[in-house]
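Asker: any chance you can model this:
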Amino acid sequence: MPRTMRFMAALCILALAACSPPAPPAPPPVTTEAAPAPAVTVDSLEAGARVNSPFVIEGAAPGDWYFEAQFVAKLVGANGDVIAEAPARAQSDWMTEAPVRYRAEFAFNVTQDTPATLVLQEDMPADNAAPREVTIPVVLVPR
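Answerer: So this is what the prediction gives:
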């Protein structure tokens with residue numbers, strides 16, 4: 001009889017397990033979208049602008065674009081050659097995630113209208129990633 005009782009007890013346990021409500025479904029995974037990085041701005045410069053030397057740009061860039069209070073700014077010709085390069089220097093405390101004002105001044109010498117691209121590039125990107133950059137086409141004009 002003890003054997004029969006064990007069998008009956010096991011059968012009851014299996015019957016109860018089969019009748020219990022199903023486990024609730026797993027909640028969907030939580031997904032979060034990263035907030036977009038603050039934009040780099042360039043004041044008073046539109047694509048295709050005609051500029052002559054000396055050429056000053058000012059704007060704002062996220063604090064993480066800077067290293068030692070500056071980031072790379074250059075004018076690149078249509079053939080890829082760097083025509084002029086100047087550090088974009090922070091105008092206030094750059095050790096923040098907030099946008100920080102910058103200023104850069106370029107000097108160049110061209111003898112005719114020269115298509116070029118203003119390139120602003122973050123300094124010291126994280127984890128050896130390719131640096132983020134902003135490009136604006138311009139035309140360099142002789143003095």
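
Asker: ok so residue 101 is a helix residue?
Answerer: No - counting by DSSP: H, G, I helix; E, B strand; the rest coil, residue 101 is not part of a helix but strand.

Asker: now do the contacts for it.
Answerer: 58, 59, 60, 90, 91, 92 (C-beta atoms under 8 Å, 6 or more residues apart in numbering). Just so you know, the C-beta spots here come from the backbone N, C-alpha and C atoms, and that holds for glycine as well.

Asker: recalculate using a threshold of 10 Å.
Answerer: 41, 43, 58, 59, 60, 61, 89, 90, 91, 92, 94 (C-beta atoms under 10 Å, 6 or more residues apart in numbering).

Asker: over to residue 125?
Answerer: 64, 65, 67, 131, 132, 133.

Asker: same question, residue 86
Answerer: By C-beta under 10 Å, 6+ apart, the contact list for residue 86 reads 54-57, 70, 72-75, 103-107.

Asker: give the buried residues for the one helix or strand residue 84 maps to.
Answerer: Secondary structure from DSSP states H and E places residue 84 in strand 82-90. Buried residues in strand 82-90, defined by neighbour count with 16 or more other C-beta atoms under 10 Å: 83, 84, 86, 87, 88, 89, 90.

Asker: what does stretch 54-63 give?
Answerer: Neighbour count says stretch 54-63 has 55, 57, 58, 59, 60, 61, 62, 63 buried, by 16+ other C-beta under 10 Å.

Asker: now residue 51: closest residue in space that isn't a chain neighbour?
Answerer: Spatial nearest neighbour of residue 51, excluding adjacent residues (C-beta to C-beta, 6 or more residues apart in numbering): residue 138 at 5.5 Å.

Asker: low-confidence regions, the chain specifically.
Answerer: Applying pLDDT under 70 to the chain picks out residues 1-38.

Asker: where along it do the strands fall?
Answerer: Along the chain, counting by DSSP state E, strands occupy 41-42, 49-51, 55-62, 70-77, 82-90, 99-106, 114-121, 133-140.
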